[in-house]
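Asks: What follows is a predicted protein model with its sequence.
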Amino acid sequence: MQQYSADLHVHTVLSPCGDFEMSPVNIVETAARKKIDILGITDHNSTKHGALIQKMAEKMGIFVLCGAEVTTKEEIHCLTFFDNLNTLKMFQQYLDQHIIKVQNKPDLFGYQVVVDENEMILEEVNHLLINAINQSIDEVEKKVHNLGGLFIPAHIERPAYSLFSQLGFVPPGLKADALEVSKTQSLEDFKQKHPELSEYTMIQSSDAHYRDQIGTCTTQFILKTRNFDEIRMALMNENGRRVEKY
């Protein structure tokens, strides 16, 4: 078994709140410099930069989880990840079908662009990606798991766009593969305050929107090797795979 450093919550320039420096090449170079072993690409309600970053990062010895940060109907943010590009494409179709389309205002929210490895713009997304989709958290969870993906409610204790802010609690029986706690929160204090959540694995990530934020908060995974199934087992604390420390 080996220990791998993971930052599972990183936005690119595609997210309207993502800085222009958050291009695929800059993200990969920064992650490599900061010795990140596993990187999660989680743009708001879009998966369109995942495949390119995965391909580029592989050359640098970084394993990439491709997915999105989904905003549910309740306006709860949830991290979602998928094992292969086919299921990633299917989930993108689901997002395109269910997002409530409101015209983006770049001057207000920021530009939403897909770029290539040379930072050339390939596409501008016109509808606002930070808007909610018309699916509940339970519906999103079921869709993700039906596609064999990972479902992790994001920054669950934050005062906005979280389970606690929108519902006031974590619903009993929520089929989450883990819960993400914000990097500004002491995880030890949080776990002591919420013993009712002891059954869940908890992770922390950078939620990077700017280049210098990448890797500022990581979770350590104990794995035999880096792949999707190994990461799933670690989140489930199975077969010696585990999340060891935060």
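Replies: Happy to help now that I have it. Just so it is clear, the structure is predicted and the values come from calculations on it, not from any experiment. Numbering: from 1, shown residues only.
Asks: Where is the longest helix in the chain?
Replies: helix 85-98 (DSSP state H).
Asks: Tell me the helices and strands packed up against it.
Replies: Other elements packing on helix 85-98 under the criterion 3 or more C-beta pairs under 8 Å, 6 or more residues apart in numbering; DSSP states H and E are helix 50-58, strand 63-71, strand 77-82, helix 137-146. All C-beta atoms are positioned from the backbone trio N, CA, C, and that covers glycine.
Asks: could you dump these to CSV with mean neighbour count and distance to Gln185?
Replies: Shown next, in CSV, are the helices and strands packed on helix 85-98 (neighbours: other C-beta atoms under 10 Å; distance: least, C-beta to C-beta, whole Å):
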stretch, mean neighbour count, distance to Gln185
helix 50-58, 19, 27
strand 63-71, 26, 18
strand 77-82, 26, 15
helix 137-146, 18, 21
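Asks: Return the set of buried residues in the following helix or strand past the longest helix of the chain.
Replies: For helix 85-98, the following helix or strand on the C-terminal side (DSSP states H and E) is helix 106-109. Buried residues in helix 106-109, counted by 16 or more other C-beta atoms under 10 Å: Phe109.
Asks: do the same with stretch 108-126
Replies: Phe109, Gly110, Gln112, Val113, Val114, Val115, Val125.
Asks: Of all pairs in those, which one spans the longest distance?
Replies: Phe109 and Val115 (17.9 Å; C-beta to C-beta).
Asks: Can you show me the strands along the chain?
Replies: 2-10, 38-41, 63-71, 77-82, 113-115, 121-124, 150-153, 179-180, 202-203, 219-223, 242-245 (DSSP state E).
Asks: ok, of these, where does mean pLDDT dip lowest?
Replies: Of all these, mean pLDDT reaches its minimum on strand 242-245 (a mean of 84).
Asks: just to revisit the earlier point, so for Gln213, which of the helices and strands packed on helix 85-98 sits nearest?
Replies: Here strand 63-71 is closest among those (C-beta to C-beta), at 14.7 Å.
Asks: can you give me how far that closest one is from the chain middle?
Replies: Offset of strand 63-71 from its chain centre (C-alpha atoms, centre = their mean, to the nearest Å): 4 Å.
Asks: The strands of the chain: which one's closest to Gly168?
Replies: strand 150-153 (13.6 Å).
Asks: And that closest one, what does it pack against?
Replies: Taking 3+ C-beta pairs under 8 Å, 6+ apart as the contact cut, strand 150-153 packs with strand 77-82, helix 137-146, strand 179-180, helix 228-236.
Asks: could you dump these to a markdown table with distance to Val70?
Replies: Formatted as a markdown table, those follow (distance: least, C-beta to C-beta, whole Å):
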| stretch | distance to Val70 |
| --- | --- |
| strand 77-82 | 5 |
| helix 137-146 | 6 |
| strand 179-180 | 13 |
| helix 228-236 | 18 |
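Asks: Just send the strands of the chain back as CSV, with distance to Asn26 too.
Replies: Shown next, in CSV, are the strands of the chain (distance: least, C-beta to C-beta, whole Å):
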stretch, distance to Asn26
strand 2-10, 11
strand 38-41, 13
strand 63-71, 15
strand 77-82, 21
strand 113-115, 10
strand 121-124, 15
strand 150-153, 25
strand 179-180, 23
strand 202-203, 24
strand 219-223, 22
strand 242-245, 28
